[in-house]
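Enquirer: Take a look and give me a structure for this.
(one chain, ligands or ions: 1)
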Amino acid sequence: MHVDIGNALASVASPGVSRESLERLDDQVADAHERIERGMANADHGYESLNLPQRTDPDEIRAAVEPVADAEALLTVGIGGSSLGAATIANALDSDTETVFLDNVDPEWVTAHLDRLPLENTAINVVSRSGTTAETLANFLIVREAFESAGVDWTERTIVTTGESGPLRDLATRHDLPSLKVPDGVPGRFSALSAVGLVAAAVCGHDLEALLEGAAAEAETLTGSLFECPAYAYGATTYALDQRGAGTNAVMPYAESLETSAEWFAQLWAESLGKDDLGQTPARALGVTDQHSQLQLYRAGPRDKLVTFVTPREGPDRPIPETDVEDLAYLGDATLGELLDAEFEATEASLAAARRPNVRVEIERVDEYELGGLLYGMEAACVLAGELYGVNTFEQPAVEWAKKATRGLLGGGEFEEAEAVAEKTELRVER
Ligand SMILES: O=P(O)(O)OC[C@H]1O[C@H](O)[C@H](O)[C@@H](O)[C@@H]1O
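Expert: Numbers count the residues shown, from 1 in each chain. Take a look at the predicted model:
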């Protein structure tokens, strides 16, 4: 990926970061890079994620999906890091295989998918690092039952990706299901380039080697200076802007196919950096759609935001038909791609003209190689930002509270968190 931080400089934007401040910050980047390199070399928890391009074995993943390679549809049952990386890749690239990601427990929505899919030609990809996540296991039990009711042997059509032990691992062993392991030391939100993200890509026939090669090429750029490494330029600039008041980072891809990448980014940024009263709030936007919705706020609201544009340099195009309506004649000379590019450049310039910080992240095109680079680059940016904030990037203790409360409410054990639910303060205003 390529990163242009020009519109985040103090000479352009407020809040903004001066070149001198970035040069000073670069000393901290060098120190952080040393820690990151050491963590990678020692395969330390979390840092090990940045070794995935070398560690992931595409042959092993392809062998595991072989029994379902002809599936018409793939139903991935997983949530958070066990869904968003796979969904980002699957939703970005074309495939004849339909992909559905069951990452919610809304009964109406789950039922609608199960009623609609051709279950006899559908494969199940169940993913949970811990093997204990209530939403994933509940959905999996429901999916199994739906397959049984339709007379389809789910054990013939299921691939499991989970940790070394746990309820899901036991289940895979009991039914002799093809299974893959979530690599040790890799938190869910950093696992897109392991089996967690790549099983769906393999079933869809995507080029796993190219995904990993693109990531490996991005890994090659990790050096001790933000001026030489796009990922570190992004991580350091976002950190510096947050320190100067840009507490929100609105990620706005200019490609429909990259919309899910903003969801993936949101988990990465929020769960990794949001701790110890620190962190930057990720927001999700889509170009051009949100030019006609959120842009007003980004250009004229509180000066507490950074906009990150993510844009492919090239892509498929389509001409706009000519018309004899005089006012619309200019459109007939253009293509939809040119319109998209012009809107992107206009939006970027409009923010700069209003002195609003924004960063441009470019990839060459939306393909496996470039996506691998983007995923890896953003992960490396996040790890660097975590070092600069001084937080523990690879844990998410705050998420546990609600998990325990939920479990307690459903009778899954004694949890004091569940009692707190009943103590909610109320001030009702009823109809
Ligand atoms: O992969 P799993 O163990 O099922 O976890 C799925 C997700 O749930 C948790 O609540 C964590 O906050 C996420 O980081 C994780 O990605």
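Enquirer: Which helix or strand contains residue 308?
Expert: Taking DSSP states H and E as the definition, residue 308 sits inside strand 305-312.
Enquirer: need the next SSE after that strand, C-terminal direction.
Expert: Scanning forward in sequence from strand 305-312, with DSSP H and E defining helices and strands, the next element found is helix 329-332.
Enquirer: picking that back up, helices or strands up against the strand holding residue 308?
Expert: Contact partners of strand 305-312 among helices and strands, from 3 or more Cβ pairs under 8 Å, 6 or more residues apart in numbering; DSSP states H and E: helix 230-243, strand 248-253, helix 295-300, helix 336-353, strand 358-363. C-betas here are computed from N, CA, C, even on glycine.
Enquirer: Quick check: the gap between residue 246 and residue 173.
Expert: According to Cβ to Cβ, to the nearest Å, residue 246 and residue 173 sit 49 Å apart.
Enquirer: I meant residue 254, not that one.
Expert: Going from residue 254 to residue 173 by Cβ to Cβ gives 46 Å.
Enquirer: Of these two, which one has the most company?
Expert: Just comparing residue 254 and residue 173: by other Cβ atoms under 10 Å the higher neighbour count belongs to residue 254, 23 against 12.
Enquirer: The more buried one touches residue 309, doesn't it?
Expert: Yes. Under the criterion of Cβ atoms under 8 Å, residue 254 lies in contact with residue 309, with a separation of 6.3 Å.
Enquirer: mind listing the strands for the chain?
Expert: Applying DSSP state E to the chain gives strands spanning 2-4, 73-77, 98-102, 122-128, 158-162, 179-181, 248-253, 281-284, 305-312, 358-363.
Enquirer: so which of these gets nearest the ligand?
Expert: Taking Cβ to the nearest ligand atom, strand 122-128 is the member of those nearest to the ligand, at 3.3 Å.
Enquirer: Run the chain-centre distance for the closest one.
Expert: On the basis of Cα atoms, centre = their mean, to the nearest Å, the separation between the geometric centre of strand 122-128 and that of its chain is 19 Å.
Enquirer: about what we covered before: could you dump the strands of the chain into a markdown table with mean pLDDT added?
Expert: Below are the strands of the chain laid out as a markdown table (pLDDT from 0 to 100):
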| stretch | mean pLDDT |
| --- | --- |
| strand 2-4 | 98 |
| strand 73-77 | 98 |
| strand 98-102 | 98 |
| strand 122-128 | 98 |
| strand 158-162 | 98 |
| strand 179-181 | 97 |
| strand 248-253 | 98 |
| strand 281-284 | 98 |
| strand 305-312 | 98 |
| strand 358-363 | 98 |
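Enquirer: what does the stretch 151-300 of the chain put close to the ligand?
Expert: Counting by Cβ under 6 Å from any ligand atom, the positions of the stretch 151-300 of the chain adjacent to the ligand are 188-189, 271.
Enquirer: same thing but 8 Å
Expert: Taking Cβ under 8 Å from any ligand atom as the criterion, the neighbours of the ligand within the stretch 151-300 of the chain are 162-163, 182, 187-189, 196, 267, 271.
Enquirer: Closest to the ligand out of those?
Expert: Proximity of those to the ligand, judged by Cβ to the nearest ligand atom, is greatest for residue 188, which lies at 2.9 Å.
Enquirer: Residue 376 touches residue 220, doesn't it?
Expert: No. The criterion here is Cβ under 8 Å, and residue 376 misses it with residue 220 at 10.2 Å.
Enquirer: Comparing the two, which residue is more hemmed in?
Expert: Taking other Cβ under 10 Å, residue 376 and residue 220 do not tie; residue 376 has more neighbours (29 against 10).
Enquirer: ok, the more buried one to the ligand distance?
Expert: In this structure, residue 376 and the ligand are separated by 18 Å, where distance is defined by Cβ to the nearest ligand atom, to the nearest Å.
Enquirer: pLDDT score for residue 403?
Expert: For residue 403, the pLDDT comes out at 88.
Enquirer: list the contacts for the closest residue to residue 234 other than its chain neighbours?
Expert: Beyond its immediate neighbours in the sequence, the residue positioned closest to residue 234 (Cβ to Cβ, 6 or more residues apart in numbering) is residue 381, lying 4.3 Å away. Neighbour list for residue 381: 231-232, 234-235, 238 [criterion: Cβ atoms under 8 Å, 6 or more residues apart in numbering].
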